[in-house]
Each structure stands twice: as C-alpha cells, then as structure tokens.
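A.B. asks: sequence plus the predicted model coming up.
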Amino acid sequence: MRVGSVIRVYAKAMKSDYRGVWMVRGVQLNQRSGFLVDLGPADHIAYRGLQGCFQQVSLATLLRCDLEMEKSHLTGILAEVLPTGQI
C-alpha cells in the first residue's frame, strides 16, 4: 500500500464506518499505533477539509474491516476501437 493506491473496505468498524472505495492520501508509521493512513474519496483531488475523509486510520483496523486492494490500470481504461472511416 502506498500513496495513490485505491482500496475497498467492506465491513463497518466498531466506532467508525469506513465502508466504500477510498484512495490512500498519506501513510505514516507511528511507534505506538503502527501504520496509519489518510483516506479520501477516490474521485476527488483535494481531500483535506472534505466531509467524509479520514485521517490517521489504523491499518490494523482496516484489515479487520475486510480491506481489499483494487487493481490499478496504469495505461487507463480500454476504449472501443472503431473501424476506419467511422467516427
């Protein structure tokens, strides 16, 4: 997991609801809490100050909530190729 990774969380945590599709916006290592991540909506560029964003979420909590890494396509989305002469 790194900044820019897209994740999907399926289950609800005890205190907060992290269900949904998120983009990892920051990763930190805290000596007491372990790995912490900042999560923002996958379709937004800026995430600080937006309602529904989470900062310093424990990676252990996300793993207990059925975290799944989404496959990232580095070349974009496959587009339909039209025959020559058709637009």
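C.D. replies: Now that the structure is in, tell me what you want to look at.
A.B. asks: the nearest residue to residue 18 once chain neighbours are set aside: neighbouring residues, count only.
C.D. replies: Using C-beta to C-beta, 6 or more residues apart in numbering and skipping residues adjacent in sequence, the residue nearest residue 18 is residue 9, 4.6 Å away. Using the backbone N, CA and C atoms, a C-beta is placed for each residue, glycine as well. Neighbourhood size, residue 9 [other C-beta atoms under 10 Å]: 21.
A.B. asks: so residue 9 makes contact with residue 24?
C.D. replies: No: taking C-beta atoms under 8 Å as the contact criterion, residue 9 and residue 24 are not neighbours in contact, 11.5 Å apart.
A.B. asks: residue contacts, the residue nearest to residue 18?
C.D. replies: Residue 9 sits next to 18-20, 22, 62, 65-68 when contact means C-beta atoms under 8 Å, 6 or more residues apart in numbering.
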